[in-house]
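Trainee: okay, sequence plus prediction incoming.
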Amino acid sequence: MIKKRVLGGAAAAVAMSLSMVGCAVDTAASPSAGGVAADAKLTVACGAMEEICDAWTKAYQAKTGTPTSFVRLSSGETVARLGATKDAPEFDVWHGGPADGYGAAANQGLLEKFTPANAQDIPEKYKDANGYWNGVYVGVLGFCSNTKVLKEKGVEVPGSWEDLLDPKLKSQISTAHPSTSGTAFTTLWTQVTRLGSEDAGLGYMAKMHNNVLQYTKSGTAPGQVAGRGEVAVGLVFSHDCVLYKERGMTDLEVSFPSEGTGFEVGGVAVVANSKNAAAAKDYANWALTAEAQELGPTVGSYQLPTNPKTKSDSRMANLADIKLVDYDFAKAAERKKDLTARFDAEIAAQPKA
């Protein structure tokens, strides 16, 4: 019998302790506030859930007095927009979203190399060796299943990648498209890693294609699709599924594949050629603090923090109980463009059996 690691929901999230925008400004506490221009304004490309994007930017604004706003974008969208506005970027900081997207952006010259002072608190495995990004959280890829729908289909909660190929799950899986979603690219690269080659990884995805209802744009959407009972299984980072169950989608259950699963390191980076570079660097430095990372659980974001000084939460995944694949973020970033192009041509564009 396959052992499954299951996470349940919990009580409602802790209320936000900051009214934020109306709070007094604590400029002394800002790590490098002295170098930030008085008229600086920050725009953050945010790859996490909207609630935590809002909490991060409001908290930073309340702390420093620097007007800070965000635009919620998937990983693929962020890289595309940074590339389209390279000479006059619309964003100053990128915060949240899988590290392979940051690697792809760095490879195109879209990020500034910068080592924040607070990076000394972050373990090396959560930092870019070339200095373009630093990790702010860790999320684990999992299966977000609707137990009611699975029961109707006569299928157990999946405990392996092979379980997703069951013919009973035809049109019963929701996943995002890897060219727009960092979550979905994590799924694709996980198959490449565990099966040993790009051909084998794409081969698995081609088999699963027959069971996919549709490819969403956003990586978080499949959990909601499953929660509404439109499919049996959504492929998402597990913390998103925990949140949806906590917010009323009570049929949801999280499990992890026994063969091993992928994970994300959500990053923060300074956008190259930012007109507010000093403020952007100050923000990137602040994002690595325990103070910033402890905001997550207050708004239902249960990713694991990268700063060891951050308080943990019982609703976070326990890495000791989950088998992870040996995920190579640098290699994933290098191969992302070609691999997603192959996915488009060889899988997404093909009719289902």
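Mentor: The structure has been received and is ready for your questions. As the structure is a prediction and not an experimental result, all values here were calculated from the model. Residues are numbered from 1 along each chain as shown.
Trainee: residue 321: neighbour count?
Mentor: Applying other CB atoms under 10 Å, we find 10 residues neighbouring residue 321. The way it works is simple: take the backbone N, C-alpha and C, and place the C-beta from them, glycine included.
Trainee: do the same with residue 323
Mentor: Neighbour count for residue 323, taken as other CB under 10 Å: 13.
Trainee: check the one 5 residues further on too.
Mentor: Each residue near residue 328 was counted by other CB under 10 Å, and the total is 14.
Trainee: same thing with residue 174?
Mentor: Look at residue 174: counted by other CB under 10 Å, it has 25 neighbours.
Trainee: so the residue nearest to it when sequence neighbours are not counted is in which element?
Mentor: Nearest residue to residue 174, sequence neighbours excluded (CB to CB, 6 or more residues apart in numbering): residue 222, at 3.7 Å. For residue 222, the host element (DSSP states H and E) is helix 221-227.
Trainee: outside of that helix, which residues touch it?
Mentor: Residues outside helix 221-227 that contact it (CB atoms under 8 Å, 6 or more residues apart in numbering): 144-146, 149, 174-176, 213, 216, 231-236, 240-241, 244-245, 249, 251-252.
Trainee: next SSE after it?
Mentor: Sequence order places strand 233-237 as the next helix or strand after helix 221-227, per DSSP H and E.
Trainee: can you give the contact residues for that next one?
Mentor: 139-146, 150, 158, 164, 169, 172-176, 183-184, 186-187, 219-227, 241, 264, 303.
Trainee: next: stretch 160-176.
Mentor: Against stretch 160-176 from outside (CB under 8 Å, 6+ apart): 2, 74, 143, 149, 153-156, 158, 183-184, 187, 191, 194, 204, 207-208, 210-219, 221-222, 225-226, 230-235, 257-259.
Trainee: again with stretch 304-315
Mentor: Contacts for stretch 304-315 (CB under 8 Å, 6+ apart): 7, 9-10, 118, 121-123, 126, 134-140, 239, 242, 246, 265, 288-290, 293-294, 296-297, 302, 316-317, 319.
Trainee: average pLDDT across it?
Mentor: Stretch 304-315 carries an average pLDDT of 95.
Trainee: ok, back up a step: number of nearby residues for the residue nearest to residue 174?
Mentor: Neighbour tally, residue 222, other CB under 10 Å: 31.
Trainee: check residue 352 too.
Mentor: Neighbour count for residue 352, taken as other CB under 10 Å: 9.
Trainee: tell me the pLDDT of the closest residue in space to it that isn't next to it in sequence.
Mentor: Leaving aside its chain neighbours, residue 352 sits nearest to residue 210 (5.0 Å; criterion: CB to CB, 6+ apart). Looking at residue 210, its pLDDT stands at 94.
Trainee: now swap in the one 10 residues further on and tell me
Mentor: According to the prediction, residue 220 has pLDDT 92.
Trainee: equivalent analysis for residue 271, please.
Mentor: 98.
Trainee: just the contacts of stretch 304-315: which are in helices?
Mentor: Among these, the members falling in helices (DSSP state H) are 239, 242, 246, 290, 293.
Trainee: so the last one touches residue 138, yeah?
Mentor: No: the pair formed by residue 293 and residue 138 falls short of the contact definition of CB atoms under 8 Å, at 10.8 Å.
Trainee: widest-spaced pair of the ones in helices among the contacts of stretch 304-315?
Mentor: Largest separation among the ones in helices among the contacts of stretch 304-315 by CB to CB: 246 and 290, giving 23.2 Å.
Trainee: more neighbours: which of these two?
Mentor: Neighbour totals were compared for residue 246 and residue 290, and residue 246 leads with 19 against 14 (other CB under 10 Å).
Trainee: what about that one, distance to residue 57?
Mentor: Distance of residue 246 to residue 57, computed by CB to CB, to the nearest Å: 23 Å.
Trainee: again with residue 188
Mentor: To residue 57, residue 188 is 30 Å away according to CB to CB.
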